[in-house]
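> generate a structure from the sequence data that follows.
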Amino acid sequence: MGKEKTHINIVVIGHVDSGKSTTTGHLIYKCGGIDKRTIEKFEKEAAEMGKGSFKYAWVLDKLKAERERGITIDIALWKFETSKYYVTIIDAPGHRDFIKNMITGTSQADCAVLIVAGGVGEFEAGISKNGQTREHALLAFTLGVKQLIVGVNKMDSTEPPYSQARFEEITKEVSAYIKKIGYNPASVAFVPISGWHGDNMLEASSNMGWFKGWKIERKEGNASGVTLLDALDAILPPSRPTDKPLRLPLQDVYKIGGIGTVPVGRVETGILKPGMVVTFAPANVTTEVKSVEMHHESLTEATPGDNVGFNVKNVSVKDIRRGNVAGDSKNDPPQEAGSFNAQVIILNHPGQISQGYAPVLDCHTAHIACKFAELKEKIDRRSGKKLEDNPKALKSGDAAIVEMIPGKPMCVESFSTYPPLGRFAVRDMRQTVAVGVIKSVEKKVVYSKNMGKEKIHINIVVIGHVDSGKSTTTGHLIYKCGGIDKRTIEKFEKEAAEMGKGSFKYAWVLDKLKAERERGITIDISLWKFETSKYYVTIIDAPGHRDFIKNMITGTSQADCAVLIVAAGVGEFEAGISKNGQTREHALLAYTLGVKQLIVGVNKMDSTEPPYSQARFEEITKEVSAYIKKIGYNPATVAFVPISGWHGDNMLEPSSNMGWFKGWKIERKEGGANGVTLLEALDSILPPSRPTDKPLRLPLQDVYKIGGIGTVPVGRVETGMLKAGMIVTFAPANVTTEVKSVEMHHESLAEALPGDNVGFNVKNVSVKDIRRGNVAGDSKNDPPQEAGNFTSQVIILNHPGQISQGYAPVLDCHTAHIACKFSELKEKIDRRSGKKLEDNPKALKSGDAAIILMIPGKPMCVESFSQYPPLGRFAVRDMRQTVAVGVIKAVEKKASGGGKVTKSAQKAAKAK
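Next comes the predicted model:
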């Protein structure tokens, strides 16, 4: 086949029995895609089965099951040549339950050929509300197939045969429908054909002398012709995106003896060639490509549209799988999607779809359950205009913007950047209930798999006043420690400069959200990972703005050490340490929430008066030492490092600008330490003792229903360990069941330890039985229970009025988010020493600390801070801000009798 011709892909769509496979088969046969002998063999076989009229369809229907039923189940790919193109025909199934296959096919097409049957009653069945003519055309348009040809088939069976009136009637009705969904009928060729007899397929038919041909108008140039083949030659050649970065979704992964691991798939964008270093997402595996093959021949490079196999080095078939996406590790490598916003059209759902719905998404080659986390807005399906904010539910025919969260690691892209990876079908109840395109993706930042597994993991939180340079310092550190590549930093630099924010380039490593970029502040907690000589570090960059303090609390609660950044610039330090500044508040919060190790980075030393002033550094060290001592830290155990997060002074190497700085030195009972740089201070953090010896506590982040597996709760092990075969109890739901399996990053774990984010499959439990905020524990070892009430030590940070008994704000404790009543203000205490100042105070105001008895408004599971720290600290939220923080001193638990114990739990208990 001529390699010099352009390749195009067409998909043949339409209602069942409209003659798609017969028409396509005829075309392939006549254009030399199959030989006469094979057609004769098919003719004989079909006649023996009493299905003589199916001979051409059999070119495509290769599966025995399909031959017997006479329908196309999988997508068949056939190739032939026209005078202008090298055409791949994708024959899509017409039966409704096979529509998923059609979508994965359609998504690869440059043009759709819609076959409608001209026979009496046949056209009407297809165009009816439940027919597939409408649905297929709508799907093709939604999935980005912008060119269309309509073949009005079976003209030989109209009344009378080859009726001009019937052709015109059908053309009129189909034109009206396709115009409604977005096609311009003036750019669509309508051709009257007979796929069986061959009329108007390759040559003008003598049976339809009345047909003077089709004519189309479009801005790229008009075209006219008579036959279906002419119409194919009038397709506009696609622009193959070779200039985009590589995206290649894996169709399969083979292990081939003597060669090794061979992933197989279709290049969607960019170029793949031997010697390239590719990254697979979401597996997060990076390796070198040894060779690339297509149809058993070696390629020097594969371009978009090529279906290839490629051999990779040192990667096992267990490391990567179908649905992973390969990309160039040096040029916008693919990443796991944390969540994404999509425009979704509900096609066909018997009931209503609400927030929390978790069907399976078919996107490129991935097939993964995703949760409708938020129904953001209902829109007009044609114009895209907003109709309603946060709709309660969606029904068939509705279109909406929805935030979705994958139930398992998944790699998708926005439709505008990488169309083939940005459109999807939503599958449920064995049918396609919706289709959608992805508007934006929030990517998870992941560390490369080759990070030393033997090093200890530590979590640090970076805190401090707004604009003290936290994100810049953190970004610089991550960049210098290899957590991000130079090219990305250069891209950020360019973007930041264009927005007039040149000094933000390192911060942009962290501030990924557009909203954050524009405001220049960090809203959500970003997790970034890098390596030091001693540790594998996760940096939590916490927001500095006061209204984002809740995020900071949920972040801080996971940290082993806090890095407090204070700005040394004239007036900047003073603003942060002032009564309303966040320097004090963040340091107090970190201590209250149990972060007992602290490092202080005195930043922006380049902007002191004079620059790099020793006197300024000493003045700041003195004042910050006095304050942190007041709240409970021992300054002798805290490293103070003068740095410039922007220029890099004292970050990784000693600065030549501060020759006066002889280094920091700390003393503590576990052993002293000293050094010069911030990196050395991180290496001197004491490794945390991970509480594996405590009973299991795992707060649920989410609960998914995954087809073929069942119910899968997801969350982070805070204490103890979780393993398959264990019997767990969920509180406050009071459900007991057996754990079937435990997974992390798609790999089975023998046991999950504190700090691991896992999904685990449980038996005989429905997604309705348990929810986010529930806590899983070992049913035989101090199982978690519902809290009747609890006593807490609370610090009021920021409340405009007074807080009295009966106040009922929302508490954020671990993953729970529940209103709790301040039922008794027991005593007012000194916020630093904890000494009692007053019994039963009437009211509390900002700055006060107190011991309070609290009663949850809904069932809730919490623990005392001394026993289970992550479940014993909380933030109090009201008026869209954090008004207080607290730690739980004691919990009065509700006796839990008569909860649900599943059969599997009973069985497992007997077996033991």
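> quick one, strands of the stretch 351-500 of the chain?
Secondary structure of the stretch 351-500 of the chain (DSSP state E, counting those that start in this stretch): strands located at 353-354, 360-363, 366-379, 386-389, 393-394, 399-406, 423-428, 431-443, 456-463.
> just checking: what are the partner strands of the third one?
Partners of strand 366-379 in the sheet, by DSSP bridges, are strand 360-363 (antiparallel), strand 386-389 (antiparallel), strand 399-406 (antiparallel).
> same check on the fifth one?
Strands that pair with strand 393-394, judged by DSSP bridges, come out as strand 353-354 (antiparallel).
> now the strands paired with strand 366-379 in a markdown table, please, with extra columns for mean pLDDT, distance to A283 and mean neighbour count.
All C-beta spots, glycine's among them, are computed from the backbone N, C-alpha and C. Supplementary listing: those in a markdown table, determined by pLDDT from 0 to 100; distance: least, Cβ to Cβ, whole Å; neighbours: other Cβ atoms under 10 Å:
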| stretch | mean pLDDT | distance to A283 | mean neighbour count |
| --- | --- | --- | --- |
| strand 360-363 | 88 | 16 | 24 |
| strand 386-389 | 93 | 37 | 12 |
| strand 399-406 | 94 | 14 | 22 |
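> can you classify S766 as helix, strand or coil?
Secondary structure, DSSP: H, G, I helix; E, B strand; the rest coil: S766 is coil.
> just give the nearest non-adjacent residue to it, would you?
Residue nearest to S766 in three dimensions, not counting chain neighbours: T711, with 6.5 Å by Cβ to Cβ, 6 or more residues apart in numbering.
> mind listing what the one you found touches?
Applying Cβ atoms under 8 Å, 6 or more residues apart in numbering, we find T711 in contact with 703-705, 761-762, 765-767, 769-770.
> what bridges to the spatially most central residue of the chain?
Taking Cα atoms, centre = their mean as the criterion, A337 is the residue nearest the geometric centre of the chain, at 2.6 Å. Beta-bridge pairing of A337, defined through DSSP bridges, involves K443.
> again with the one 4 residues further on
Here N341 sits in beta bridges with E403, S440, going by DSSP bridges.
> quick check, it in contact with E403.
Yes - counting by Cβ atoms under 8 Å, E403 is a contact partner of N341 at 5.4 Å.
> quick one: common contacting residues for the two?
Jointly contacting N341 and E403 under the rule Cβ under 8 Å, 6+ apart are K376.
> re earlier: out of the strands of the stretch 351-500 of the chain, which is closest to E413?
strand 431-443 (6.2 Å; Cβ to Cβ).
> which one of the strands paired with strand 366-379 lies closest to A223?
In this view, these are compared for proximity to A223 by Cβ to Cβ, and strand 399-406 is the closest at 32.7 Å.
> can you show me the helices along the stretch 101-250 of the chain?
122-127, 132-142, 164-181, 228-233 (DSSP state H, counting those that start in this stretch).
> what's the mean pLDDT across the first one?
Averaging pLDDT along helix 122-127 yields 89.
> which residue packs closest to I193, ignoring adjacent ones?
If the residues on either side of it in the chain are set aside, I193 comes closest to N200, at 4.6 Å by Cβ to Cβ, 6+ apart.
> end to end, how far does stretch 283-299 reach?
The stretch stretch 283-299 measures 26 Å between its terminal residues, going by Cα to Cα, to the nearest Å.
> renumber starting at 13 from here on
Renumbered: residue one is now 13, and that last one reads stretch 295-311.
> show me what counts as buried in that stretch.
Neighbour counts using 16 or more other Cβ atoms under 10 Å place 295-299, 301, 304-305, 311 of stretch 295-311 among the buried residues.
> which other residues reach it?
In this structure, residues lying in contact with stretch 295-311 by Cβ under 8 Å, 6+ apart are 272, 284-292, 313-314, 318-327, 331-333, 336, 341, 345, 348, 421, 458-462, 757-758.
> that stretch: how far from the chain's middle?
Mean-position distance between stretch 295-311 and its chain equals 26 Å (Cα atoms, centre = their mean, to the nearest Å).
> same question for stretch 478-493.
On the basis of Cα atoms, centre = their mean, the separation between the geometric centre of stretch 478-493 and that of its chain is 25 Å.
> if we can go back for a sec, make a PyMOL selection of the buried ones in the contacts of stretch 295-311.
Only the buried members of these enter the following PyMOL selection, criterion being 16+ other Cβ under 10 Å:
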select buried, resi 272+284+285+286+288+290+291+292+314+318+320+321+322+323+324+327+331+332+333+336+341+345+348+421+458+459+461+757
